[in-house]
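Engineer: just to be clear, the model below is a prediction. Sequence and coordinates:
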Amino acid sequence: MSNRRQLVEMDKRRVWHPYTPMEQYIAETEPLVIERAEGSRIFDVDGKAYLDANASWWVALLGHRHPRLVQVLREQSERMCHVALAGIAHEPAARLAEELCAIAPQGLEHVFFSDNGSTAVEAAIKLALQLWHNEGHGERQRFVALQGAFHGDTIGATGLGGVEVFRRPFAGVVLECAHVPVPPLEVAEQAYGRAFEAVEQLLRQDGDAIAAVVVEPLIQGAAGMRIYGVDYLKHLRALCDRYDVLLIADEVFTGYGRTGTMWACDQAGVKPDILCTAKGLSGGVLPMGATLATDRVFEAFYGAPDRAFYYGHTYCGHPLGAAVAREVLAIYRDEQIIERAAPKARRIAAAFEQLGRHPGVKSWRSLGMVGALDLAGDGGYLGKGGWRVFEEARRRGAYLRPLGDVVYVAPPLNIADADLDELLAIVDESLRAAIS
């Protein structure tokens, strides 16, 4: 029996895969069996290479196995792998917190560490709720998010979600969240004004019961790479100030240069009260998350011991992850990652404009290092059209996991130009083959 066959049999017998209908997977799927990864490619046990079109669920923004990250991981492991952060300080976490605050939107001065994007958002939810409790406004327990939002898988973060198939099984136990319309990208459209009016009316009527507005700035990832404009983000900040509601920016997907600036908030000049980051934070090397907060949020937990934030994770401030995350920031500076990604982003935009002319494509969009298109059909996240394109791309050497009927690319920011050209050509060929 080949190594590949053995691995697939063990996998199907024991492994419960994320976001996967397992009965169908066991009966029908012939999975990729990946042995190693390097740069913008992953390699299976048979030696075939695949361009990683979504940077392994959006984390490998510097590609796979960047040599500097591997070296720092090795060096840190020789000194200290992990110690608890409760009542203990150590250099990797302290210096990472300092460096994150230095590059964060102005006013974010404190860092709470966790181990992934969901827990970074979960921490933000709890911070918001307890802030109002500590300030004598415990009735502020509701949240506002955008339609189609996705903020993670923990039970609190699930409550913020607007992807119905993810939220429905837990609807009876999740926190209360109002979902408001997402404005179209074009400001001139009438729907843009209606989206403004909807959120303003909600905050005006119910602001005294609302703890925070939570948004993915500029791009809603799991919703299908839905893009909206900077004006709406500015409008949300102004409304939150007017009605004294916290603004939480979930930059788990959008941060670290994905949209063309370090933080998507930067493009709007918006300063959130709380910012969540993960994914690119550690370059896809280790699970690592962080929640940044203003002085106002931090100081709401001063005073008697029962006002403290009694929350945390075993691996908070994990020395290995923190050391790697610091090196990620150093690579961004030294290799001018965001600046050098700008011409790549223009190539993605031009390619997707052309792809948008394919028969069977309803619309296209791009921002920064993300390009997306909607296939004809109304299957949403459970649509099959994107998976037909996925299979064609797999045969051609690209891993192009879709979001239902949405086909997109979100490759490493430092993908080689030749690799990017090859990836975009595979998307074109795969579309033609799948929807002709």
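Structural biologist: Cool, the structure landed.

Engineer: need phi/psi at Gly397.
Structural biologist: Here is the backbone geometry of Gly397 (degrees, to the nearest 10): phi 100, psi 30.

Engineer: what's the closest non-adjacent residue to it?
Structural biologist: Computed as CB to CB, 6 or more residues apart in numbering, the closest residue to Gly397 that is not its neighbour in sequence is Tyr50, at 5.6 Å. All C-beta spots, glycine's among them, are computed from the backbone N, C-alpha and C.

Engineer: quickly list what that neighbour is bridged to.
Structural biologist: Bridge pairing for Tyr50 (DSSP bridges) gives the partners Ile42.

Engineer: next, count neighbours for it.
Structural biologist: Using other CB atoms under 10 Å, Tyr50 has 21 neighbouring residues.

Engineer: distance-wise, check it relative to Ala372.
Structural biologist: Distance, Tyr50 to Ala372, using CB to CB, to the nearest Å: 20 Å.

Engineer: got it, and Glu30?
Structural biologist: The gap separating Glu30 from Ala372 is 27 Å, by CB to CB.

Engineer: same check, this time on Glu164
Structural biologist: For Glu164, the distance to Ala372 - CB to CB - is 20 Å.

Engineer: who's more crowded, the two?
Structural biologist: Neighbour count, other CB under 10 Å: between Glu164 and Ala372, Ala372 has more, with 26 against 12.

Engineer: ok so the more buried one is a strand residue?
Structural biologist: Yes - Ala372 forms part of a strand when assessed by DSSP: H, G, I helix; E, B strand; the rest coil.

Engineer: and the pLDDT at the closest residue to Cys177 other than its chain neighbours?
Structural biologist: Counting by CB to CB, 6+ apart, Phe143 is the residue found nearest to Cys177 once chain neighbours are left out, at 4.5 Å. You'll see Phe143 listed with a pLDDT of 98.

Engineer: Phe143 contacts Gly161, correct?
Structural biologist: No - using CB atoms under 8 Å, Phe143 is not in contact with Gly161; the gap is 10.9 Å.

Engineer: pLDDT at Met1, what is it?
Structural biologist: 41.

Engineer: cool, Ser430 as well?
Structural biologist: pLDDT for Ser430: 97.

Engineer: so where's the stretch 301-436 of the chain shaky on pLDDT?
Structural biologist: 379 (pLDDT under 70).

Engineer: the helices in it, which residues?
Structural biologist: For the stretch 301-436 of the chain, applying DSSP state H, counting those that start in this stretch gives helices covering 319-334, 337-355, 385-396, 417-435.

Engineer: so which of the ones you listed is the most packed in?
Structural biologist: Ranked by mean neighbour count under mean count of other CB atoms under 10 Å, the helices of the stretch 301-436 of the chain are led by helix 319-334, which reaches a mean of 22.

Engineer: what about Phe196, which helix or strand?
Structural biologist: Phe196 belongs to helix 190-206 when assigned by DSSP states H and E.

Engineer: buried ones in that helix?
Structural biologist: Under the neighbour-count criterion of 16 or more other CB atoms under 10 Å, helix 190-206 has Tyr192, Ala195, Phe196, Val199, Glu200, Leu202, Leu203 buried.

Engineer: quick one on the thing from earlier: let's have the helices of the stretch 301-436 of the chain in CSV, adding distance to Phe301.
Structural biologist: Supplementary listing: those in CSV, determined by distance: least, CB to CB, whole Å:
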stretch, distance to Phe301
helix 319-334, 22
helix 337-355, 34
helix 385-396, 44
helix 417-435, 45
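
Engineer: identify the residues contacting the residue nearest to Cys177.
Structural biologist: By CB atoms under 8 Å, 6 or more residues apart in numbering, the residues touching Phe143 are 125, 128, 159-160, 175-178, 210-214.

Engineer: and those residues, which are buried?
Structural biologist: Ile125, Ala128, Gly159, Leu160, Leu175, Cys177, Ile210, Ala211, Ala212, Val213, Val214.

Engineer: nearest to Ala84, of the residues you listed?
Structural biologist: Using CB to CB, Ile125 is the member of the buried ones among the contacts of Phe143 that sits closest to Ala84, with 23.4 Å.

Engineer: gap between the closest residue to the closest one other than its chain neighbours and Arg394?
Structural biologist: Closest residue to Ile125 apart from its sequence neighbours, by CB to CB, 6+ apart: Gly156 at 4.4 Å. For Gly156, the distance to Arg394 equals 36 Å [CB to CB].

Engineer: one more: His90?
Structural biologist: 43 Å.

Engineer: same question for Ala425.
Structural biologist: Going from Ala425 to Arg394 by CB to CB gives 15 Å.

Engineer: please parse the protein into its domains.
Structural biologist: Following automatic domain parsing, the chain resolves into domains at 32-65+339-435, 70-334.

Engineer: looking at this, Ala212 is in a helix?
Structural biologist: No - counting by three-state DSSP, Ala212 falls outside a helix, being strand.

Engineer: tell me the pLDDT of it.
Structural biologist: With respect to pLDDT, Ala212 has a value of 98.

Engineer: picking that back up, list the contacts of the helix holding Phe196.
Structural biologist: 142, 144, 178, 180-184, 186, 210, 213, 229, 232, 235-236, 239-240, 242-243, 245.
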